[in-house]
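Participant: Quick one, structure for this:
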Amino acid sequence: MKINIFNSETEVLANLAEYFVTIANNAIVKKGRFSVALSGGSSPKKLYELLSSPSFKEKVDWQKVDFFFGDERYVPQTDSNSNYLMAKKALFEPLKIETAHIFAVDTSLKVDDAAEKYTAAITKYFAGEEMRFDLVLLGLGDNSHTASLFPFTEVLHDKTLSVKSVFLKDEQVYRITFTAALINLAHHVGFLVYGLDKAEAVYHVIEDKRNVENFPAQLIAPVDGEFQWFMDEAAAAELKQ
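Facilitator: Have a look, this model is predicted:
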């Protein structure tokens, strides 16, 4: 695990964007395509807007990039809370990404069926090879969740390489998420975290005693891949090491 700490949110985003470009281009040179699982939320939105800006949009052959979602809210794709809709507006539309390269969760199905169908789509994409994404992007909630791996949910103990539904009792809503096992198979995993409100969660995940029920992001530990954090000084404020 490598921890990268920058002075500001702007520097965090710029450096993660450069990291994205490097991994994408290396994968395209090596295999002709780049597979990435996107994260939802406000922080990644700024990253996607940067990647689709004039500063970065010419740095990647976007027609050789295949986009997936590490988790999704169980809402229609037209809902303002949809991770797909956010990525569509911030990334896909500005870059004119063809629909064949966008693998969205079909939230029109029953929630368990949507998770099973997404697992099947990923399995088909990798065509008998290991389901190893080139890059999985992750965020971190102030309750130490990542993707939709929330505290005290059954999915935390799921060892399968799959996508599962999750019911959040506090919010009375469903989510759909990669299992930790699927995330951990990736070639590269990158956390994007900034802001003082994330400092306590960062400490719990990186330095606190292992307690995955309370701090689910502790589950992220790539089996044979590179694992990097991109954060600002505010998010790193409570780290002791």
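Participant: and the gap between the closest residue to residue 159 other than its chain neighbours and residue 162?
Facilitator: Leaving aside its chain neighbours, residue 159 sits nearest to residue 181 (5.3 Å; criterion: CB to CB, 6 or more residues apart in numbering). The C-beta positions use only the backbone N, C-alpha and C, and glycine is treated the same way. Residue 181 sits 8 Å away from residue 162, taking CB to CB, to the nearest Å as the criterion.
Participant: swap in residue 241?
Facilitator: According to CB to CB, residue 241 stands 34 Å off from residue 162.
Participant: cool, residue 168 as well?
Facilitator: Taken as CB to CB, the span from residue 168 to residue 162 is 19 Å.
Participant: Tell me which of the two has more neighbours.
Facilitator: Comparing residue 168 with residue 162 by other CB atoms under 10 Å, the one with more neighbours is residue 162, at 20 against 15.
Participant: and the closest residue to that one other than its chain neighbours, how many neighbours does it have?
Facilitator: Spatial nearest neighbour of residue 162, excluding adjacent residues (CB to CB, 6+ apart): residue 119 at 4.5 Å. Counted with other CB under 10 Å, residues neighbouring residue 119 total 19.
Participant: what are the ranges of the helices in this structure?
Facilitator: 9-31, 42-51, 83-87, 93-95, 111-126, 180-183, 199-206 (DSSP state H).
Participant: Among those helices, which comes closest to residue 217?
Facilitator: In terms of CB to CB, the element of those nearest to residue 217 is helix 199-206, at 4.4 Å.
Participant: Would you pull up how far the closest one lies from the middle of the chain?
Facilitator: Centroid separation for helix 199-206 versus its chain: 18 Å, with CA atoms, centre = their mean, to the nearest Å.
Participant: I'd like to know which elements it is packed against.
Facilitator: Identification of packing neighbours for helix 199-206 by 3 or more CB pairs under 8 Å, 6 or more residues apart in numbering; DSSP states H and E yields strand 226-232.
Participant: So which bits of the strand it packs on are buried?
Facilitator: 227, 229-232 (16 or more other CB atoms under 10 Å).
Participant: Same question for stretch 98-112.
Facilitator: For stretch 98-112, by 16+ other CB under 10 Å, it's 102-105, 107, 111.
Participant: Tell me which other helices or strands the helix or strand bottoming out on mean pLDDT in the chain touches.
Facilitator: Of all helical and strand segments in the chain, the minimum by mean pLDDT, DSSP states H and E falls on helix 42-51, at a mean of 95. With contacts taken as 3+ CB pairs under 8 Å, 6+ apart, helix 42-51 sits against helix 9-31, helix 83-87, strand 188-193.
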